[in-house]
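A.B. asks: sequence and predicted structure, then a few things I'm wondering about:
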Amino acid sequence: MEGIVLRPQGQGCIVETPSGRMLCWMRGRLRQTGVSPLAGDRVEVLPGAQGEGVIESVAPRRNQLSRPAVANVDRVVTVTSLVDPRVPPLLLDRFLALAEKARVRAVVVVNKVDLGRAQEILQVENRYRSVGYPVYPLSARLGEGVEPVRREIAQGGVTVLAGVTGVGKSSLFRCLIPGASVEVGQLTRQGHGRHTTKHTELFPVGDGYLADTPGFSALTLEGVEPGEVAGLFPEFRPFLGRCRFSDCRHLDDVGCAVTQAVGTRIDPVRYESYTFLLREAMEARRSH
């Protein structure tokens, strides 16, 4: 039967199947190929005795994050805040650009709205909604505004939370899945790989899954070339290919369609993030 890996478990893993959750072990020939199951992997399971099973095959991954270790991600919920801490727009834009690189749907959560200024919160909402990102202002501390995020995740697929330390990812997770740490942990069997290191773990939310990704503060998707950066900003795309020069960097280039749109069709704050990420990519290329 088909299943999805909820969490690596010692030499095996916990798999959700149509018959329920079971502790599964890798078939010997799979271990010899070096295949190591990750949370989010789709697998074929042969049920065995005592609620255990054997993984016969692992489906090819559509994508994979290395930190946190999770496969087949469908959605990244980027969490930011405008107070305690005040997150610079660049950090949020970095998450969004890397989600675009991975071709993963991105959602913006503005947390701690109960502590922020209404006008500033509205400005951030408008900035990202105009680009096409769903934006959800909420207060995880008060449990207010969380339901739309739950509905987003419940549509299906695997969702991860991303954001710098202090923005309230853990608080939001607890709002979305109260008591989650107990639910899957009950499947741990004495003497069979009780984990001491915290792994990425999936928890069901409606028809989808939310990944508990400890220590996740950066999408580690590498290999962004300088020429790719502009395409990772959706609002830039209508202007790409319309510049005077084909190798336009969209900085101080003459006849640049992108820079001409800044302030009208392109938010200046987003453009500033682009210039920083472009120079970062250029520097990374030179260092290699």
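C.D. replies: It's in.
A.B. asks: only C-alpha atoms from now on, for both contacts and neighbour counts.
C.D. replies: OK.
A.B. asks: check the offset of stretch 112-120 from the chain's centre.
C.D. replies: Counting by CA atoms, centre = their mean, to the nearest Å, stretch 112-120 is centred 24 Å from the centre of its parent chain.
A.B. asks: give me the residues contacting that stretch.
C.D. replies: Stretch 112-120 is contacted from outside by 81, 82, 83, 121, 137, 138, 139, 140, 141, using CA atoms under 8 Å, 6 or more residues apart in numbering.
A.B. asks: whichever strand or helix holds residue 278 - contacts with which helices or strands?
C.D. replies: Element membership for residue 278 (DSSP states H and E) is helix 268-287. Judged by 3 or more CA pairs under 8 Å, 6 or more residues apart in numbering; DSSP states H and E, helix 268-287 is in contact with helix 89-101.
A.B. asks: now for the contacts of stretch 112-120, which pair is the farthest apart?
C.D. replies: Using CA to CA, the pair of the contacts of stretch 112-120 lying farthest apart is 121 and 141, separated by 16.8 Å.
A.B. asks: looking at those two, which has the bigger crowd around it?
C.D. replies: Neighbours per residue (other CA atoms under 10 Å) separate residue 121 from residue 141, with residue 121 holding more: 18 against 15.
A.B. asks: other residues contacting stretch 2-9?
C.D. replies: 13-18, 23, 37-45, 188, 193-195, 199-203.
A.B. asks: just the strands in the stretch 151-288 of the chain please.
C.D. replies: Remark: strands assigned in the stretch 151-288 of the chain by DSSP state E, counting those that start in this stretch are 157-162, 201-205, 208-212.
A.B. asks: can you give the strand pairings for the first one, parallel or anti for each?
C.D. replies: Here strand 157-162 has these sheet partners by DSSP bridges: strand 73-81 (parallel), strand 208-212 (parallel).
A.B. asks: CA atoms of the last one as CSV?
C.D. replies: The one in question is strand 208-212. The C-alpha trace of strand 208-212 is given here as CSV (Å, rounded to 0.1, in the frame of the first residue of the first chain):
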residue,chain,number,x,y,z
GLY,A,208,-2.4,18.2,4.3
TYR,A,209,0.6,17.9,6.5
LEU,A,210,2.6,20.5,8.5
ALA,A,211,6.3,19.9,9.1
ASP,A,212,7.7,20.5,12.6
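A.B. asks: what mean pLDDT does it have?
C.D. replies: Taken as a whole, strand 208-212 has a mean pLDDT of 93.
A.B. asks: buried residues in it?
C.D. replies: Buried positions in strand 208-212, judged by neighbour count with 16 or more other CA atoms under 10 Å: 208, 209, 210, 211, 212.
A.B. asks: got those residues as JSON lines, with distance to residue 100 columns?
C.D. replies: Putting those into JSON lines (distance: CA to CA, whole Å) gives the following:
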{"residue": "208", "distance to residue 100": "21"}
{"residue": "209", "distance to residue 100": "20"}
{"residue": "210", "distance to residue 100": "19"}
{"residue": "211", "distance to residue 100": "19"}
{"residue": "212", "distance to residue 100": "21"}
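A.B. asks: spit out the contact partners of the most far-flung residue of the chain relative to its centre.
C.D. replies: The centre of the chain is farthest from one residue, residue 254, which by CA atoms, centre = their mean lies 36.6 Å away. Applying CA under 8 Å, 6+ apart, we find residue 254 in contact with residue 244.
A.B. asks: so it versus residue 246, what's the distance?
C.D. replies: Using CA to CA, to the nearest Å, residue 254 is found at 11 Å from residue 246.
A.B. asks: show me the one of the strands paired with strand 157-162 that comes nearest residue 104.
C.D. replies: strand 73-81 (5.5 Å).
A.B. asks: beta partners of residue 81?
C.D. replies: residue 111.
A.B. asks: what sits against it?
C.D. replies: By CA under 8 Å, 6+ apart, the residues touching residue 81 are 87, 110, 111, 112, 113, 167.
A.B. asks: just checking, residue 269 touches residue 89?
C.D. replies: Yes: counting by CA atoms under 8 Å, residue 269 does reach residue 89; the two are 7.3 Å apart.
A.B. asks: picking up where we left off before, show me how far the helix holding residue 278 is from its chain's centre.
C.D. replies: Centroid displacement of helix 268-287 relative to its chain, using CA atoms, centre = their mean, is 21 Å.
A.B. asks: repeat for stretch 18-32
C.D. replies: Distance of stretch 18-32 from the chain centroid (CA atoms, centre = their mean) equals 26 Å.
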